[in-house]
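Student: after the sequence you'll find the predicted model.
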Amino acid sequence: MTEEVPKPGSIVHVEIPCKNRENAKKFYGEVFDWKFEDVPEMDYTLFEPSNPPGGGLFTPTESTPSGVLNYLLVDSIQETSQAIEEAGGKILVPESEVPNQGWFAIFQDPEDNVLAIWKNAPRQEE
């Protein structure tokens with residue numbers, strides 16, 4: 001069985017803020033059997049549930065939007081950011097790069113929900 005490729009608009013990553021990542025890892029590991037991989041250079045922990053999407057655990061700062069952050073796949077950060085603003089949303093964090101992974105922007109919809117958009121970096125041929 002081949003893995004289904006997510007289509008634009010799909011949730012592809014979920015970030016969960018936590019003040020104590022070790023406690024969060026213990027909780028989600030025991031309750032849901034999630035697997036974890038620490039990424040020290042990013043001060044981040046990736047999690048892998050039994051089915052996609054996976055995501056990350058991070059320590060929030062004062063400037064971090066509160067709550068769980070869902071990332072929606074897009075073909076273009078610029079075009080989608082423009083569409084968000086034209087539809088009454090607001091870009092909170094403009095296009096930013098995650099080296100060798102892709103680009104994201106964080107936005108607020110007209111109902112004050114905060115989400116993010118994500119574009120994958122092109123895959124390098126091996």
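Tutor: It's in. Predicted model only: the values in this text are computed from it and were never measured. Numbering: from 1, shown residues only.

Student: packing partners for the longest strand along the chain?
Tutor: For the chain, the longest strand by residue count, based on DSSP state E, is strand 90-98. Applying 3 or more Cβ pairs under 8 Å, 6 or more residues apart in numbering; DSSP states H and E, we find strand 90-98 packed against helix 77-86, strand 102-108. Placement of C-beta: from N, CA and C, glycine included.

Student: care to break the protein down by domain?
Tutor: Under the assignment automatic domain parsing, the domains of the chain span 6-64, 74-121.

Student: and the end-to-end length of stretch 34-50?
Tutor: For stretch 34-50, the first-to-last residue distance is 7 Å (Cα to Cα, to the nearest Å).

Student: pop out the phi and psi values for G56.
Tutor: Dihedral pair for G56: phi -150, psi 160, per degrees, to the nearest 10.

Student: picking up where we left off before, and among the helices and strands packed on strand 90-98, the most buried is which?
Tutor: Ranked by mean neighbour count, the helices and strands packed on strand 90-98 are led by strand 102-108 with a mean of 19 (mean count of other Cβ atoms under 10 Å).

Student: neighbouring strands of that one in the sheet, and parallel or not?
Tutor: Applying DSSP bridges, strand 102-108 is found paired with strand 90-98 (antiparallel), strand 114-120 (antiparallel).

Student: export the domains of the chain as TSV, with columns for mean pLDDT.
Tutor: What follows is the domains of the chain, written out as TSV (pLDDT from 0 to 100):
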stretch	mean pLDDT
domain 6-64	94
domain 74-121	95
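
Student: what residues of stretch 55-73 count as buried?
Tutor: Buried residues in stretch 55-73, defined by neighbour count with 16 or more other Cβ atoms under 10 Å: G55, G56, L57, F58, P65, L69, N70, Y71, L72, L73.
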